[in-house]
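Novice: structure for the following, please:
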Amino acid sequence: MLQIEVPGWKTLRLEHLVLDLNGTLAVDGHLLDVGDSLGRLAQRLTVQLLSADTHGTLDQVAASLGVEAVRLDQTSDGSEQKARHVAGLGADSVVAIGNGANDRGMLELAALAMVVIGAEGCALSALTAADVVVASAENALNLLLEPRRLVATLRS
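Specialist: The predicted structure follows:
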């Protein structure tokens with residue numbers, strides 16, 4: 001668990017890290033350099049990758065990182081599926097990181113929502129659902145590893 005008290009906002013009691021894969025942790029199906037940070041966070045949080053697996057790399061990436069892969073149904077609303085997944089974990093214990101329109105639902109529900117504006121950019125609907133906006137997945141993960149940075153960003 002990761003507990004972070006943010007003065008003037010709330011106390012976060014995070015147990016789960018839910019991440020979008022493509023556009024957030026990977027570009028064109030290729031994993032970005034996040035393994036070390038993600039491995040350190042996996043010691044404190046359960047980590048799950050959610051993806052419709054556009055590039056067919058979900059299982060391989062999840063195995064290389066030692067985290068759980070959650071495959072979405074490509075014929076259904078991805079945002080709704082991700083939101084249901086976060087709700088099922090207990091949204092008040094989830095930090096969600098994504099970048100796309102199909103991440104909006106999970107970002108709206110999560111206790112802490114982070115949006116990455118990376119190589120694929122970021123959907124406006126995801127951006128407006130976020131608590132924190134970062135330039136890379138590594139930046140997002142580092143905020144969780146160094147929570148004083150996160151507190152400095154969110155405190156009122």
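
Novice: for residue 154, phi and psi?
Specialist: The phi and psi torsions at residue 154 (degrees, to the nearest 10) take the values phi -100, psi -20.

Novice: check which element follows the helix or strand bottoming out on mean pLDDT in the chain along the chain.
Specialist: Lowest by mean pLDDT, DSSP states H and E among the helices and strands of the chain is strand 30-31, with a mean of 90. Next along the chain after strand 30-31, taking DSSP states H and E as the criterion, comes helix 35-41.

Novice: and that following helix, how far out from the chain middle?
Specialist: How far helix 35-41 lies from its chain's middle: 13 Å, per CA atoms, centre = their mean, to the nearest Å.

Novice: got the buried residues for it?
Specialist: Buried residues in helix 35-41, defined by neighbour count with 16 or more other CB atoms under 10 Å: 37, 38, 41. C-betas here are computed from N, CA, C, even on glycine.

Novice: equivalent analysis for stretch 54-68, please.
Specialist: Residues of stretch 54-68 classed as buried by neighbour count (16+ other CB under 10 Å): 55, 57, 58, 61, 62, 65, 67.

Novice: what of stretch 114-127?
Specialist: In stretch 114-127, counting by 16+ other CB under 10 Å, buried: 114, 115, 116, 117, 118, 122, 123, 125, 126.

Novice: what do you get for stretch 138-153?
Specialist: By 16+ other CB under 10 Å, the buried positions in stretch 138-153 come out as 138, 139, 140, 141, 142, 143, 144, 145, 147, 150, 151.

Novice: max pairwise distance over the buried residues of stretch 114-127: which two?
Specialist: The largest distance within those, taken as CB to CB, falls between 118 and 125 and amounts to 16.5 Å.

Novice: can you pull the contacts of residue 119?
Specialist: 23, 27 (CB atoms under 8 Å, 6 or more residues apart in numbering).
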